[in-house]
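Asks: give me a model of this one.
(3 chains)
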Amino acid sequence: MKKILSAVICLVFLLGIFTACGKNTSNDNNGNTETKKISLKVWGSQDDQEFLKKAVETFKSKHSSVDWNITFAVVGEDKAQNEVLKDVSAAADVFCFASDQITELHKAGALYRITRDDMMVKSRNTDESIKAATIDNNLYAYPSSADTCFLYYDKSKLTEDEVRSLESIMFKDLGNNVTNFAMKINDGWYNSAFFLTAGCTLFGENGTDPTVCDFNNENGVMAANYMIDLASNEKFKNFDDAKIKSGFASGTLASAVSGSWNANDIKKSLGENFGVAKLPTIRLNEQDKQLITMSNFKFYGVNAQTKHPEEAMDLANYLTGEDVQKLRITQKSYAPTNKMLIADEETLNSNAVVRALTQQTQNSVLQTSIPQITNFWTPAEAFGTGVDDGTITKSNVKAKLDEFVKSILSKIS
Amino acid sequence: MRKSRGNAIVYIILSVLGIIWVLPILWVIMTSFRQEAGSFTPYFFPKGFTFQNYINLFAENTTFNFSRWFSNTLIVSVFSCVLSTFYVLSVSYTMSRLRFRMRKKMMNIALVLGMFPGFMSMIAVYYVLKLFGISQSLLALILVYSSGAGLGFYVAKGFFDTIPKSLDEAAMLDGASKGMIFRRITLPMSKPIAIYTVVTSFMAPWVDYIFASVIMGDSYENYTVALGLFSMLEKEFIHSYYTRFAAGAVIVSIPIAILFVLTQRFYVQGITGGSVKG
Amino acid sequence: MGNITTALKKGDIITRVSFLIMGFGNLVRGQVVKGILYLAVEAVAIFYFLTSGFASISALRHLGTNEQGWVFDEEKGIDVLSTGDNSMLILLYGVLSLFILVAFIFIWSANVKDAYHVQNTVKFGKRPKTFREEIKEYTDSKLHQTLLFLPTLGIISFTVLPLVFMVLIAFTNFDRSHQPPGKLFTWIGLENFKTMLSSGSVIGKTFWPVLGWTFVWAIFATVFNYVLGMILAILINKKGIKYKPFFRTIFIMSIALPQFVSLLVMRNILDDDGALNVLLREAGIIENYIPFLTNGTMAKITILVVNLWIGIPYSMLITTGILMNIPADLYESARIDGASAITQFFRITLPYVLFVTAPYLITQFIGNINNFNIIYFLTKGGPATLDYYQAGKTDLLVTWLYKLTVNTKDYSYASTIGILVFVISAVVSLLTYRRTSSYKNEEAFS
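Replies: Modelled structure (predicted):
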């Protein structure tokens, strides 16, 4: 009955296919013209755009023999995996991503194996960052910065000495409306610190065994009990980033755990009283122990399907090189992965946030990048929520921890 | 006496409910004029009021290009609303007035298709658009929003069912073709349902977030307001931009609210199948 | 089919040649333009199927065999990518080719019927229609084809094709460990359904409770909105109440606001430290915050209440129209019999409104099963719980489906859930829709 209808459907689809094929062939001819014309796309987070554009301008001027056409788009490092995996061929040639995404990105065939100047990349960055960027002895990413959480505090409420231990932070009486200490206790990125500090490990000693997690042993119970005590204290609040910033802005918060991305906002609202430090110690088993956090890196990767792998690698290499990392320290408060810069006390000390961040990084465990980590976040959120709303108590904590671990280690089928 | 007391109770109920109903809206408006930044404040009423959030929304477009997003959304909704209206009216008229083989079958197929959750296939929609070479474009959004409209013909068909068929027959005797009947008789009589369709399809692009986010991906320039406003709530921005988000929300809501209030009469007539003279 | 066998049996040699050379019958018997069109379709189709179509269809058997890898490139001095098969694109192109094949068979059989038809026309001594005459038919006797053409095209390319593709995904192992283009995925039959429905597996333990809450939510949300909206309409329309349009406008403000705006704002207002808690604390009503969205049970109630705020105005608008149409003498006689207002509501108003709006009610129910926005924007499915896999206490099947596709890329499980949601919706609608008056009326009408 629908002759014409189906005829046109046929034609439209065919046209679609032909144009799609046609495009591919026409694009390949660009390489052989006189001055090489290279088009690349770069992804970075929204607040990094300006910085990236400036850095890329410098890169262009250093490689002026090429006719560059470099475009930018907004995809933050936390969203890179989702956006890249949606359609690898449409993703940027060079993109920023968080190091825990590397295994999934690699498995989906989205990362170009880096064999150009790889020795240089390996030698100038810290061993930990290179280890995290390496899969089966092949390098797949360029380390750009190290990341973890640290302590922000209001100097008008707490002194430098007081923020050395969580006990002394909580002990101080700052009045009824003021929260002494806040963190997002229902987020694995933050609450894993209690377990790691108590000596527990996620996915074994090396963080690579998807069948092991000892958060439910004696130390885990100790850590969980500490969390329960903390959460039930009225001077503690479970705050996310937005509330932490609002709290500092309205003067109702004395200290909080967060990351460097909030530095500018908090600095603006605290002004003179802006203080940062590595995380405090906590008292476990009669001992003061430095809080150990999870850390990761920001990486730059090259798209496996890029048309210009060499140029893309040069660009990624430049964007993670010493010069750009140094600029990032001063302008963006990013902690470096470059060995020279880490050794350069003067540069580090020029930015208090970077100093605190680097100190905390030295007290951190690298977040594993095995795929099983995807299963960690939701249970960790659930456990933290339970602690926060009081459904997890000291009497049922062991059973809840068992469930927690079981969820982390669960396999779908 | 009893009656007036009854009415007094009704007035009280309606007023209390009315306050509850507009309170969240007043809160957004209040927040959009708030001077202090931040998504949470430990007090209810702002400490200062300013018009700056609205000015910044349009003046500062390096990070968030609100005026661009606004015009994108407007373009998409105008075109998709024209197409959708045409689709819906065509399909519903056909199903209601014309008799042909497969009619019943096609109606049932449409019903079945409507029951699959749309989110399931969005990634496939993205690849189909890519096949046509139009992914990440406003055209893609227009096509996706309007193409689904053909399935939502049931309400309009119910409306057409109530228009007396004798009119068609009289015209047919005068020698009018079916095409002429559709244009000259049925369309003019279906003002309520046409307006209902126009309003609902005009509103869709302002409201949709999920499909737009999958289709647009990194194409920031082609964002719609929903995507754009949502990106102001990312963890890096929520503190500094919440009041501006509220201002954007108010600006987006104004045209839609006006449109909806003005056409609510047709909305009722359309959806209740024309049997109601509102 | 019947027509085609008749054409084969009774057709003359020209008609039979049309089986192989499309448009031959039309060409020979004077319908040149049409004949050429048929012939062109055949030429394009043959070219397409020989160059890529058949290959795409046959690749559907295994969905790709060649995995992506790296080879050393002498000239560039680096390892370069050797592209492998992309299972997802193979599946998509395969499905597309099948669609084109079906469309082609349609045209082919139309061509055969046409050839036979024109043979008969000539045999009875009539003149075959000219091309212009046939075009003209599309504004009259074939108007339905003209009107349905574009909408159907849109639906097929953006609804049916993607849907077929995703339904097929449910029978593959396209999960996070088989992501194209790096890895291949392949057919695994009904495995995903077994995993999903068995109560022992991690994902099964999530499926059943989430399904339960989806039902509870859909039933309560639909019924509450409907009944309360009707009551509100009755109150506003009560005799002697003034400012009716004013009240109506106040209440529809909540739907005039775009939903993502109102819901995101609600999320903020109802937060533990949100405006409502602050307001209540400032007023001295409460001391500690109320966990509107952070306690599982509380969050479910909150969602239902917020949904009232959004949903009541719709049903108020709709019932307002219908209420005006209820014959007044029904109430008159009821009042004479001494029926109270409540009895009148249950005996007259409710049955009458139900009668007219039954299809609307069903659409609402299905819509609520698939109500993505309210959950996603209000709670994101939270609060999280240790009992579920990748889902929170307030997640519906659709939001869970979304999380599985976007967060963990478990497409195969997501599409399995999608199919199950479809089955549920279909059963519910089939059971109810066929009994409603409008469905039967439609029958009477034709």
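Asks: mark out where each domain of the chain begins and ends.
Replies: All of this refers to chain A. Following the assignment in automatic domain parsing, chain A carries domains at A:37-147+A:296-364, A:150-295+A:369-409.
Asks: if you could check chain C rather than the one you did, that'd help
Replies: With automatic domain parsing as the reference, chain C has domains C:2-189, C:193-445.
Asks: list the buried ones in the longest helix seen in chain B?
Replies: The helix that spans the most residues within chain B, counting by DSSP state H, is helix B:238-271. Of the residues in helix B:238-271, those scored as buried under the neighbour-count criterion (16 or more other CB atoms under 10 Å in any protein chain shown) are B:238-253, B:255-257, B:260, B:263-264, B:266-271. The way it works is simple: take the backbone N, C-alpha and C, and place the C-beta from them, glycine included.
Asks: ok, and which of those reach chain A?
Replies: Applying CB under 8 Å from any CB of the partner chain to the buried residues of helix B:238-271, one finds that B:238, B:239, B:240, B:242 fall near chain A.
Asks: which residues does the last one contact?
Replies: To tie it back to what came earlier, the one meant is residue B:242. Residues in contact with residue B:242, defined by CB atoms under 8 Å, 6 or more residues apart in numbering or on different chains, are A:242, B:31, B:37, B:38, B:39, B:232, B:233, C:268.
Asks: go with 7 Å
Replies: Shown in contact with residue B:242 (CB atoms under 7 Å, 6 or more residues apart in numbering or on different chains): B:37, B:38, B:39.
Asks: now do residue B:34
Replies: With contacts defined as CB under 7 Å, 6+ apart, residue B:34 is in contact with B:46, B:49, B:243.
Asks: the strand or helix carrying residue A:83 near chain B at all?
Replies: Mapping residue A:83 onto the secondary structure by DSSP states H and E places it in helix A:80-86. Yes - Helix A:80-86 comes into contact with chain B when judged by CB under 7 Å from any CB of the partner chain, the residues involved being A:83, A:86.
Asks: flag the shaky bits of the chain, pLDDT-wise.
Replies: You didn't pick a chain, so chain A it is. Counting by pLDDT under 70, chain A shows low-confidence ranges at A:1-34, A:412-413.
Asks: wait, chain C was what I had in mind.
Replies: Counting by pLDDT under 70, chain C has low-confidence residues at C:1-2, C:433-446.
Asks: number of nearby residues for residue 171?
Replies: I went with chain A, as the question did not name one. When neighbours are defined as other CB atoms under 10 Å in any protein chain shown, residue A:171 has 11 of them.
Asks: I was after chain C.
Replies: When neighbours are counted by other CB under 10 Å, residue C:171 registers 19.
Asks: what ranges do the strands span in the stretch 151-278 of chain B?
Replies: With DSSP state E, counting those that start in this stretch as the criterion, the stretch 151-278 of chain B has no strands.
Asks: tell me the phi and psi of residue C:290?
Replies: The phi and psi torsions at residue C:290 (degrees, to the nearest 10) take the values phi -100, psi 130.
Asks: look up how far chain A lies from it.
Replies: Relative to chain A, residue C:290 is positioned 12 Å away (CB to the nearest CB, to the nearest Å).
Asks: any idea which helix or strand carries the residue nearest to that residue when sequence neighbours are not counted?
Replies: Residue nearest to residue C:290 in three dimensions, not counting chain neighbours: residue C:277, with 6.2 Å by CB to CB, 6 or more residues apart in numbering or on different chains. Under the criterion of DSSP H and E, residue C:277 resides in helix C:275-282.
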